[in-house]
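Novice: Attaching a predicted model along with its sequence, questions to come.
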Amino acid sequence: DGGITQSPKYLFRKEGQNVTLSCEQNLNHDAMYWYRQDPGQGLRLIYYSQIVNDFQKGDIAEGYSVSREKKESFPLTVTSAQKNPTAFYLCASSMPGQLNNSPLHFGNGTRLTVT
Amino acid sequence: DQQVKQNSPSLSVQEGRISILNCDYTNSMFDYFLWYKKYPAEGPTFLISISSIKDKNEDGRFTVFLNKSAKHLSLHIVPSQPGDSAVYFCAASVLKKFYFGTGTSLTVIP
């Protein structure tokens, strides 16, 4: 069964600690994305990657870092510099390829709580 | 600055009637528009999309309408079913970046 796996579903950390959220996909999609959802707000783009070893900042990249060493994997690190890290984090992928329009497919998210 | 807006946080509809969810956008460069359905603590699920060269796309009970001159997008669900109760997000894309609205919570009353 193809899909996007985010782990863990719930994550708790103390303030000042870095934490890495996992995202793996077996859809053979080229592009991967990280979004954050806060109550009453839409999904906001943190980082995205169109190909391996390349990624771009989204609208709220400060305090986050990513890597894209493999096509299947796009981990997100929430650093201690992120002022409000508690949120629901969503990973997504798409296959833009030669198709200009291709929807995002999402994982089931990781709820991060920092105290 | 919110480029995609959903001005109705919630909507209640009787089962069997039509649900109409609305979305406005500001960036005229958007070329692809989508609707997603989301349950709590889960990822959004893709419902339907439309390219900017079209004004209507239909898939079963779901129809998306695009009015480019008004920069307005709508999703029609007919007939509405209790299982349609969820939060619906509209999204718009340009240069492979996707921008989302804040969502509309739809409740279908049996």
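Specialist: That came through, no problem.

Novice: so which residue of chain A comes closest to chain B?
Specialist: Residue of chain A nearest chain B, by CB to the nearest CB: residue A:106 (3.4 Å). In this view, the C-beta of every residue, glycine as well, is placed from N, C-alpha and C.

Novice: Who are the packing partners of the longest strand seen in chain B?
Specialist: Ranked by residue count under DSSP state E, the longest strand found in chain B is strand B:86-94. Contacts defined by 3 or more CB pairs under 8 Å, 6 or more residues apart in numbering or on different chains; DSSP states H and E place strand B:86-94 against strand B:4-5, strand B:19-25, strand B:32-38, strand B:72-77, strand B:97-100, strand B:104-109.

Novice: Now residue B:84: phi and psi?
Specialist: phi -80, psi -10 (degrees, to the nearest 10).

Novice: For it, give its distance to chain A.
Specialist: The gap separating residue B:84 from chain A is 19 Å, by CB to the nearest CB, to the nearest Å.

Novice: Check what pLDDT that residue gets.
Specialist: Here, the pLDDT recorded for residue B:84 equals 97.

Novice: Isn't it up against residue B:77?
Specialist: Yes. In this structure, residue B:84 is within contact of residue B:77 by CB atoms under 8 Å, at 5.7 Å.

Novice: Which single residue of chain B ends up nearest chain A?
Specialist: residue B:43 (3.4 Å).

Novice: burial measure for that residue, as a count.
Specialist: 23 (other CB atoms under 10 Å in any protein chain shown).

Novice: now the helices and strands packed on strand B:86-94 in JSON lines, with mean neighbour count?
Specialist: Listed next are those as JSON lines, based on neighbours: other CB atoms under 10 Å in any protein chain shown:
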{"stretch": "strand B:4-5", "mean neighbour count": "20"}
{"stretch": "strand B:19-25", "mean neighbour count": "21"}
{"stretch": "strand B:32-38", "mean neighbour count": "22"}
{"stretch": "strand B:72-77", "mean neighbour count": "20"}
{"stretch": "strand B:97-100", "mean neighbour count": "21"}
{"stretch": "strand B:104-109", "mean neighbour count": "17"}
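
Novice: touching chain A at all, the helix-or-strand element of chain B with minimal mean pLDDT?
Specialist: When the helices and strands of chain B are scored by mean pLDDT, DSSP states H and E, strand B:97-100 comes last with a mean of 93. Yes. Contact of strand B:97-100 with chain A (CB under 8 Å from any CB of the partner chain) involves B:97-100.

Novice: so where is chain A shaky, pLDDT-wise?
Specialist: Within chain A, the stretches with pLDDT under 70 are A:1, A:96-100.

Novice: residue closest to the middle of it?
Specialist: Nearest to the mean C-alpha position of chain A, by CA atoms, centre = their mean, lies residue A:34 at 2.7 Å.
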